[in-house]
Every structure is written in structure tokens, then in C-alpha cells.
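>>> Next comes the sequence, and after it the predicted model I'd like to discuss.
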Amino acid sequence: MTKELDKVYDVIVIGAGPGGMTAALYASRANLSTLLLEKGAPGGEMLNTADIENYPGFKSIAGYELADKMYEGAMSFDAEHQLADVTGISDEGDIKIVHTKKADYKSKTVIIATGASHRQLGIKGEEEYQGKGVSYCAVCDGNFFRKKNVVVIGGGDSAVEEGTYLSQLADSVTIVHRRDKLRAQAVLQERAFEKENVHFLYDTVPLEILGDSHRVTGLRLQNVKTKEESELAIDGVFIYVGVIPVSEAFTSLGITDEQGWIKTDDYMQTSRPGIFAIGDVRAKHLRQIATAVGDGAIAGQAAYQYIEAQGDLK
Ligand code: NAP
């Protein structure tokens, strides 16, 4: 049974990625009682990134280190932090109830910052060999592939950046992309092209991940132009074919688009007054740490103005 807690917060932030931590910083610094709910370690996708080179102020910083610094900032003005898995929000007008697996929390405003998760390919062998050679996180699992041969699927920033990261550990990295042009930023492409052990297979899609029931042994591929099929002997497959919003808990509020991204205005306000959304879970063009941080600052301030307009500031 879930506990219903009496305290009414000014702001509850759901998710402690860069957006959520910034929102908590802005809200608590504005003297709003702020609760940050997160089901795992604070940091979000930063924790799965080896080095970050496009966050202003740092030429290069390890993902976990930037996460630590942001968390320290978020907690420096008396915000509270609870480990909690949010299952939904009930919008009761002036009060929102945030349901978690263990307790229900009340708040005047809620800022959703649940981010996005990796999309699966949906091919044969993908589920079966997860943790046995199939991975969605090079930083977490790359070490298991020292001196081995791996494939990275995808042509975006993640595939090319993580492929380059893996080239320091693995003997060879083959980036398999379905078109003949990569989507990744030019700087990331150039860095990958410079690595002798990074190879590219264009116009190619994976059809099946092969294995001996204990671990991945290969990949069945198809050239999309010639329709020719081939097999590649490999030890691991890293899948980076895009992201999907983590918004399932909020679909009943009617604030998402057809793909599940949460729609907001320029103030990060959803169609539900007092409920805001920020960062990767929001329908937007550029998903970056810098844009998540910007969203978080706007939402923290917008929450303050919303409470002030309700005549509800303490
Ligand atoms: P993404 O930009 O959506 O790229 C996904 C890639 O996977 C695309 O190349 C796409 O091909 C390919 N793909 C999609 N579905 C596929 C399928 N079923 N089979 C084969 N290939 C498939 O996703 P992402 O690279 O994970 O990046 C997500 C967001 O995070 C982006 O906004 C990105 O800019 C950002 N990000 C930024 C950085 C950085 O700034 N350093 C690092 C990582 C991620 P097509 O190109 O043909 O569509």
C-alpha cells in the first residue's frame, strides 16, 4: 500500500538528469520548497557518457563528474531528494499528487524531467543476447570487449561518439548505418574517421543477432540497395538507433504527442496548468545537456511565477 504524505511542496521535480537538477536548483534558490524524485543515481544520460566536450565551461569533463557537480548545485539550497519510482500524476487543480511505488507526494507544481531511453532494434537475437554481447551503453559495458571485435548500429551522434570510445578498447569497431551518410555532427565523424580500427558499413541494416546461446558470435546483415545478405563474425553489438520518451506514466494526462514526447510552450508549461516538462522528454529539436539545463532554468522560474500568480507564495 502507498503512503499519502501530508506535506504540500511548492515544486516536485521528477528525474535528476541535467534538466531536473537545474530545475531543482532554480526552484530551491527561489525559496520554493522543492522535492527531487529520481529512481536511480542522479545524472541521467551523463552517467552513460565517458567525456563531455560540448557543455560550456569545460573543455572536456567526465560524465559522472559533471553529474556530481550538478547534483551538488541542485542540493545546495535545501531541496530534498528521494529515491522513488514515479508511476503517475493526479491533477487535482491547485494540488497535484505524484504517485510513486511507495508513497504519494503533494505539490503545487510538478516539473517532469524523465528523459528518453534507448530505442530497441526489434530484431531476432536482440532480447536473447542482452547482457551476453548486446548492449546499449558503451561506457558501462565497453570493458568487456577489450581486444574483441564489435559492431555499433546507427549513424547518429551516439553511434559515432560511442564507436570512437569503443575503438580505444576493442580490436575493431564496425559502424553499421542504414544510409550512405552519417547523421552525426561533423566533429564526431572526423574523429571516428581518424581511427584506424573504426570501419564503416553503409547502406546496411542488421537482420539478426547470432549467438551460441551463451554469447553473441555474429550478425546477419543486408545491403539495402543490393538486397545482398552477409554474416559478420563479432563478439558484441552496441545499439544506438535513437531514443524514445520516458513518458508512459503521464500519457493519461493528455500532454503527449503521437510519439509520446511531452508538448510544452516556451515556458515549459504543458496543457495542464502547473505541470511543466523539460529536457529530453519534451517535444523539441535539440536534445543536449546544454538545452536540458536551459529548459530546467526556465521551468524553475516559471513554477515560481505560477505559484505567485495563484497568490500562493509563502
Ligand atoms: P539519433 O540522432 O536519432 O540517431 C539514430 C540513428 O540510428 C540514425 O542514424 C538513424 O538512421 C539510425 N536508425 C534509427 N532507426 C534505425 C533502425 N531501425 N535500423 C537501423 N538504424 C536506425 O539518436 P542518437 O544518436 O541516440 O542521439 C539522440 C539525441 O542525443 C540526438 O538529439 C543527439 O544529437 C543527442 N546526442 C548528442 C551528443 C553530443 O552532442 N555529443 C551525443 C549523443 C547524443 P538515419 O540517420 O537514417 O535516420
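Received the coordinates, thanks. Numbers count the residues shown, from 1 in each chain.

>>> in the helix or strand hosting E190, what counts as buried?
With secondary structure defined by DSSP states H and E, E190 is part of helix 186-194. Of the residues in helix 186-194, those with enough neighbours to count as buried (16 or more other CB atoms under 10 Å) are 188-189, 191-192. In short, each C-beta sits where N, CA and C put it, glycine included.

>>> partner strands of whichever helix or strand comes after that helix, parallel or antiparallel?
Moving toward the C-terminus from helix 186-194, the first helix or strand encountered (DSSP H and E) is strand 198-201. For strand 198-201, the pairing partners within the sheet under DSSP bridges are strand 172-176 (parallel).

>>> what's in contact with the partner strand?
When contacts are defined by CB atoms under 8 Å, 6 or more residues apart in numbering, strand 172-176 is touched by residues 149-155, 159-160, 163-164, 166-167, 192, 195, 197-201, 204-206, 219, 221, 232, 234.

>>> quick one: is that strand near the ligand?
No - using CB under 6 Å from any ligand atom, strand 172-176 never reaches the ligand; the gap is at least 7.7 Å.

>>> Show me which of the buried residues of helix 186-194 is closest to the ligand.
The ligand has its nearest neighbour among the buried residues of helix 186-194 in L188, at 6.5 Å by CB to the nearest ligand atom.

>>> ok so, going back, which of the buried residues of helix 186-194 come close to the ligand?
Near the ligand, by the rule CB under 6 Å from any ligand atom, you find none of those.

>>> TSV for these, including pLDDT?
Compiled in TSV, the buried residues of helix 186-194 are given as follows (pLDDT from 0 to 100):
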residue	pLDDT
L188	97
Q189	98
R191	97
A192	98
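
>>> Now the residue in the chain that the ligand sits nearest to: closest residue in space, sequence neighbours ignored.
When you check the chain against the ligand by CB to the nearest ligand atom, the closest residue turns out to be G156, at 2.4 Å. If you skip the residues right next to it in sequence, G156 has R183 as its closest partner in space, 4.6 Å away by CB to CB, 6 or more residues apart in numbering.

>>> residues contacting that neighbour?
Taking CB under 8 Å, 6+ apart as the contact definition, R183 lies against 155-157.
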